[in-house]
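Peer 1: what follows is a predicted protein model with its sequence.
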Amino acid sequence: MRTSVARGPEIVIVEDRVRVVIAEDSVLLREGLTRLLTDRGHEVVAGVGDAEALIKVIGELAAEGALPDVVVADVRMPPTHTDEGVRAAVRLRRDHPELGVLVLSQYVEEQYATELLAGSTRGVGYLLKDRVAEVREFVDAVVRVARGGTALDPEVVAQLLGRSRKQDVLAGLTPREREVLGLMAEGRTNSAVAKQLVVSDGAVEKHVSNIFLKLGLSPSEGDHRRVLAVLTYLRS
């Protein structure tokens, strides 16, 4: 949806307006996230402070036929501040497959990242809270997840890639192909990968084609091959 937002004397055109629910027990951070998103033309339909309230509000919105595009939730929430947030996110992904879920964490917690990504990488993200300071990247990640894409923090990808058991599945990939696949797992497009690696779009397309071939993903899979490649990478 295209909409315009006045920000002081300038008017910002937002091409992808999304509806968001924020679950964060820190009132200050919750209000900050709300401001970041609304200033850029997105709609925060609800803000809650614990996992139980998150499940409840999503259920109510779904019953009204007003399910949001994406939930942004803290991994650790009341009452124990351990894994309530990520468990709520996993439940929401199961109950509402069309709902994007982006979780925020203070640290890379591999178990939680793996649990969240189990089954599919469509409409899912895992970012470190420090990434919120990079406002444009954070908002882009929210929109990408809302639209069914992937947004994984580079540090999460690096840690998952570092597992020794990955070597068996990815042994056939060249170092550059592994680098490309890691950037794909972060949710980057071919053009974004090319920009990051300072190579041509054609070179990236060739690497991606080689990755598909080496992972045994046939052309009949269509665009879904990109998701399957990332899943193979994350599960290996």
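Peer 2: Received, thanks. What you see is a predicted model, and the numbers here were worked out from it, not measured in a lab.

Peer 1: give me the below-cutoff pLDDT ranges for the chain.
Peer 2: Judged by pLDDT under 70, the chain has its weakly predicted residues at 1-15, 119-121, 158, 160-169, 218-224, 227-228, 231, 234-236.

Peer 1: tell me how it divides into domains.
Peer 2: 3-153, 162-235 (automatic domain parsing).

Peer 1: so where do the strands sit in the chain?
Peer 2: Listed in chain order, the strands of the chain (DSSP state E) span 3-7, 10-14, 19-23, 43-48, 70-74, 100-105, 124-128, 150-152.

Peer 1: quick one, which of the ones you listed is nearest to residue 117?
Peer 2: strand 124-128 (6.2 Å; CB to CB). No exception for glycine: its C-beta is placed from N, CA and C like everyone else's.

Peer 1: and that closest one with strand 100-105, angle?
Peer 2: 20 degrees (axes from the mean of the first three to the mean of the last three CA atoms, to 10 degrees).

Peer 1: what does strand 124-128 contact?
Peer 2: 93, 100-108, 112-113, 116-117, 138, 141-142, 144-145, 150-153, 155-156, 187 (CB atoms under 8 Å, 6 or more residues apart in numbering).

Peer 1: drop anything exposed from those.
Peer 2: Among those, those classed as buried by neighbour count (16 or more other CB atoms under 10 Å) are 93, 100-105, 108, 112-113, 116-117, 138, 141-142, 144-145, 150-153, 156, 187.

Peer 1: returning to what we had before: I'd like the strands of the chain as a markdown table, with distance to residue 32 appended.
Peer 2: Shown next, in a markdown table, are the strands of the chain (distance: least, CB to CB, whole Å):
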| stretch | distance to residue 32 |
| --- | --- |
| strand 3-7 | 16 |
| strand 10-14 | 19 |
| strand 19-23 | 10 |
| strand 43-48 | 11 |
| strand 70-74 | 12 |
| strand 100-105 | 12 |
| strand 124-128 | 15 |
| strand 150-152 | 19 |
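
Peer 1: for the ones you listed, which one ends up most surrounded?
Peer 2: Most buried of those, by mean neighbour count (mean count of other CB atoms under 10 Å): strand 70-74, with a mean of 27.

Peer 1: what sits up against that one?
Peer 2: Residues contacting strand 70-74 (CB under 8 Å, 6+ apart): 18-26, 33, 51, 54, 58, 85-86, 88-89, 92, 99-105, 123, 142, 145-146.

Peer 1: ok now it, how far from the chain's centre?
Peer 2: 10 Å (CA atoms, centre = their mean, to the nearest Å).

Peer 1: between it and strand 124-128, how many degrees?
Peer 2: Strand 70-74 runs at 30 degrees relative to strand 124-128, counting by the same axes, to 10 degrees.

Peer 1: strand 70-74 vs strand 19-23, what angle?
Peer 2: 20 degrees.

Peer 1: separation between the closest residue to residue 155 other than its chain neighbours and residue 147?
Peer 2: Distances taken as CB to CB, 6 or more residues apart in numbering place residue 108 nearest to residue 155, at 5.4 Å, with adjacent residues excluded. Counting by CB to CB, to the nearest Å, the separation of residue 108 from residue 147 is 25 Å.

Peer 1: repeat that for residue 88.
Peer 2: As judged by CB to CB, residue 88 and residue 147 stand 22 Å apart.

Peer 1: count the neighbours of residue 98 for me.
Peer 2: 11 (other CB atoms under 10 Å).
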